[in-house]
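J.: Pasted the sequence and its predicted model underneath.
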Amino acid sequence: MKKIISILLLIVVVTVCFVSCKETAGEVTFGSSDILTSSFDGLGVEWGTYEDTNKMIKGSWSRVLSAVDRLNPTLVRCMTNLDWFVTDFDNKGTKDDFSDDTWSYNFNNKQMANASDILDYCQAKGIKVAFGVWNVIGNVDPEKDAYGMIENEDPDPRWAKMNADLMEYLIKVKGYTCIRWFVNTNEPNVLGRKGSSKNAYGSFDRWAGNMRNLRKAFDDIGLKDLSLVGGDATRYIETEKTFMTNAAKNLSDILDNYGVHVYANYSELAKGQFEVYFSDLVDLINAKDSALGKSKNIYIWESGLLWGKNTDTDCNEYITDYAYGLCMADYTVQAILGGANGVVYWDLDDAMHYMYSEEGNTPKEWGMFSTLATADSDMQEYRPWYHSSVLLTNLLRPGYTIYGKYTGYEAVRAMAAVSPDRKRGGYVVVNNSKDTVKEKMILNDKVDGGDKLYIYYYNEKMLKLGTDGFVEPNYVIDGTLNTELNLEIPGNTLVVVSNERI
């Protein structure tokens with residue numbers, strides 16, 4: 001009886017909105033002059049090689065695949081460690097000439113088996129992958145570091161050789177043509193501490209020299225189509241801007257993908273400042289490489305929030321809150337409005353990565369769920385921001401024309417997306433304020449498909465999940481994207497409208 005009453009109340013609310021909001025709503029009309037891009041490459045997730053699959057819940061891999069099925073990403077960043085694969089190192093060379101050094105590889109271990117499981121899935125689904133290695137090989141303890149690569153401040157030819165051998169195995173032997181880009185170390189603009197970080201001797205010149213060595217090594221083995229991610233730098237704001245403009249200035253001849261990591265603060269998202277930051281970064285890169293925005297793209301390969309981050313554990317305490325999902329939706333919209341051609345979320349599963357310290361190893365809790373056997377049952381569940389991400393990844397697809405429009409409210413942002421054949425599409429509206437707003441939405445550019453609109457509300461009270469645990473529309477109405485739609489949007493709410501069921 002209670003369920004019937006709830007349904008009747010929802011019908012009343014929807015009916016009242018569609019009757020009373022029509023005259024009072026602000027108007028957001030999308031047209032050709034509001035097109036942001038027609039070269040959007042979609043959204044994705046960091047799905048990296050699991051450090052130890054033995055720590056996962058038995059039988060959980062099928063659940064991971066089910067979650068990725070529903071998320072439907074078009075981009076995946078998959079990182080690994082050369083330390084897992086390089087063996088039998090013999091440092092017969094000298095510091096000035098490493099040509100006599102020899103080593104071999106073990107590609108028959110659990111890390112490669114897991115990487116292959118991920119790549120098998122991406123290959124079958126047509127997902128484009130940025131594959132890379134976290135950092136240079138070796139031990140941060142100088143007395144245990146047999147390779148001498150960490151303290152070597154010059155571009156190291158052994159690094160290019162090892163990575164070329166790895167990519168030759170994955171692409172040419174295993175056939176993973178889904179790998180489109182190679183990531184030459186994670187966040188190279190961050191300088192770590194000697195004795196505790198492999199980035200202790202990091203510098204732009206060293207990284208850039210290794211990039212040129214890699215380009216030649218890949219070309220020499222017939223991997224000319226394997227592109228290099230230009231940067232993968234993280235947001236130490238001025239450091240990132242300097243690093244990325246240097247990459248554009250000095251490496252534009254070998255780069256076609258500018259990639260960054262950006263973790264945002266809550267306040268700048270609510271005020272719309274994140275869009276301004278990212279737009280400024282795009283302009284700085286474009287000033288050095290005018291091909292950006294034409295033949296070259298810029299992606300955010302790690303996206304997340306500083307809001308809630310614990311720097312000691314490298315976890316985020318808000319990932320289980322609905323507010324995290326709302327802010328990540330706002331982040332996504334502002335990034336695209338600012339010029340991003342693709343956004344990849346950090347990350348999928350808590351079981352993938354660990355934080356290492358003297359106190360022990362702890363999982364990095366940033367995921368959309370956890371398959372760790374040691375995780376509490378509530379941490380194993382799909383988190384709210386998984387469901388908000390599902391709505392966005394399934395609507396904002398590669399090749400879609402993306403429209404952006406100022407809504408008249410500081411904390412309310414709106415976009416429209418339409419498929420290349422003009423048959424599929426929808427709206428994304430984020431209300432990152434406490435106030436309820438009313439918007440009248442219409443797309444003037446012709447859309448030929450669909451006679452129904454599926455409307456999804458994401459907030460703590462209105463998110464609707466089916467018996468399978470996945471998001472469902474709150475309601476379905478007759479109409480098209482070319483007919484007027486009146487929406488009442490509560491405070492702190494994401495609304496997604498699609499002319500196909502997501």
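T.: Now that the structure is in, tell me what you want to look at. Residues are numbered from 1 along each chain as shown.

J.: what kind of secondary structure is the closest residue to Lys271 other than its chain neighbours in?
T.: Spatial nearest neighbour of Lys271, excluding adjacent residues (CB to CB, 6 or more residues apart in numbering): Glu410 at 6.8 Å. From N, CA and C alone the C-beta is placed, and that goes for glycine too. Glu410 falls in the coil class when you classify it by DSSP: H, G, I helix; E, B strand; the rest coil.

J.: Would you state the helices of this structure in chain order?
T.: Assigned by DSSP state H, the helices in the chain fall at 2-20, 61-71, 110-125, 157-167, 204-220, 237-251, 266-270, 273-288, 322-337, 377-380, 384-395.

J.: what angle separates the second one from helix 110-125?
T.: Spelled out, that is helix 61-71. Going by axes from the mean of the first three to the mean of the last three CA atoms, to 10 degrees, helix 61-71 is angled at 40 degrees with respect to helix 110-125.

J.: number of nearby residues for Gly426?
T.: By other CB atoms under 10 Å, 29 other residues sit near Gly426.

J.: ok, now Ile179?
T.: Counted with other CB under 10 Å, residues neighbouring Ile179 total 23.

J.: quick one: contacts for it?
T.: Taking CB atoms under 8 Å, 6 or more residues apart in numbering as the criterion, Ile179 is in contact with Leu119, Val129, Ala130, Phe131, Met167, Leu170, Ile171, Leu226.

J.: and those residues, which of them are in strands?
T.: Among these, the members falling in strands (DSSP state E) are Val129, Ala130, Phe131.

J.: so the residue nearest to Lys271 makes contact with Leu269?
T.: No - at 11.6 Å, Glu410 and Leu269 do not qualify as touching, with contact defined as CB atoms under 8 Å.

J.: separation between the closest residue to Asn199 other than its chain neighbours and Asn114?
T.: Distances taken as CB to CB, 6+ apart place Gly192 nearest to Asn199, at 3.9 Å, with adjacent residues excluded. Using CB to CB, to the nearest Å, we find Gly192 at a distance of 26 Å from Asn114.

J.: For the stretch 401-502 of the chain, give me the ranges with low pLDDT.
T.: Applying pLDDT under 70 to the stretch 401-502 of the chain flags no residue at all.

J.: Among Gly192 and Asn114, which residue is more densely surrounded?
T.: Neighbours were counted for Gly192 and for Asn114 using other CB under 10 Å; Asn114 has more, 21 against 16.

J.: what about the residue nearest to the more buried one when sequence neighbours are not counted, how many neighbours?
T.: Nearest residue to Asn114 in three dimensions, chain neighbours excluded: Tyr50, at 4.9 Å (CB to CB, 6+ apart). By other CB under 10 Å, the residues close to Tyr50 number 24.

J.: show me what contacts the residue nearest the centre of the chain?
T.: Nearest residue to the geometric centre of the chain (CA atoms, centre = their mean): Val344, 0.9 Å. By CB under 8 Å, 6+ apart, the residues touching Val344 are 43-46, 73, 75-77, 130, 299-303.

J.: again, but for Lys194
T.: The neighbours of Lys194, taking CB under 8 Å, 6+ apart as the test, are Ala200, Tyr201.

J.: Check the spacing between it and Val140 real quick.
T.: Lys194 is 8 Å from Val140, by CB to CB.

J.: okay, and the common contacts of those two?
T.: Shared contacts of Lys194 and Val140, defined by CB under 8 Å, 6+ apart, comprise Ala200.

J.: ends of stretch 424-443, how far apart?
T.: End-to-end distance of stretch 424-443 (CA to CA, to the nearest Å): 12 Å.

J.: Gly450 versus the residue lying closest to Gly426 once chain neighbours are set aside, what's the distance?
T.: In space, and not counting its chain neighbours, Gly426 is closest to Ser498: 3.7 Å by CB to CB, 6+ apart. Between Ser498 and Gly450 the distance is 9 Å, computed by CB to CB.

J.: next one: Tyr299
T.: For Tyr299, the distance to Gly450 - CB to CB - is 30 Å.

J.: hmm, back to that, and the contacts of Val344, which of them are in strands?
T.: Secondary structure of these is defined by DSSP E; positions in strands are 43-46, 75-77, 130, 299-303.

J.: Select from the contacts of Ile179 the one having the most neighbours.
T.: That'd be Phe131 among those, by other CB under 10 Å, with 28 neighbours.

J.: Give the burial count for the closest residue in space to Val333 that isn't next to it in sequence, as a bare number.
T.: Distances taken as CB to CB, 6+ apart place Arg413 nearest to Val333, at 4.8 Å, with adjacent residues excluded. Using other CB under 10 Å, Arg413 has 25 neighbouring residues.

J.: Show me what Arg413 is bridged to.
T.: Applying DSSP bridges to Arg413 gives these bridge partners: Tyr406, Val430.

J.: rewinding a little: looking at the contacts of Val344, which is nearest Lys216?
T.: The nearest member of these to Lys216, counting by CB to CB, is Ala130 at 20.2 Å.

J.: list the contacts for Leu269?
T.: Cys327, Asp330, Tyr331, Gln334, Asn432.

J.: For it, give its distance to Val45.
T.: Distance, Leu269 to Val45, using CB to CB: 20 Å.
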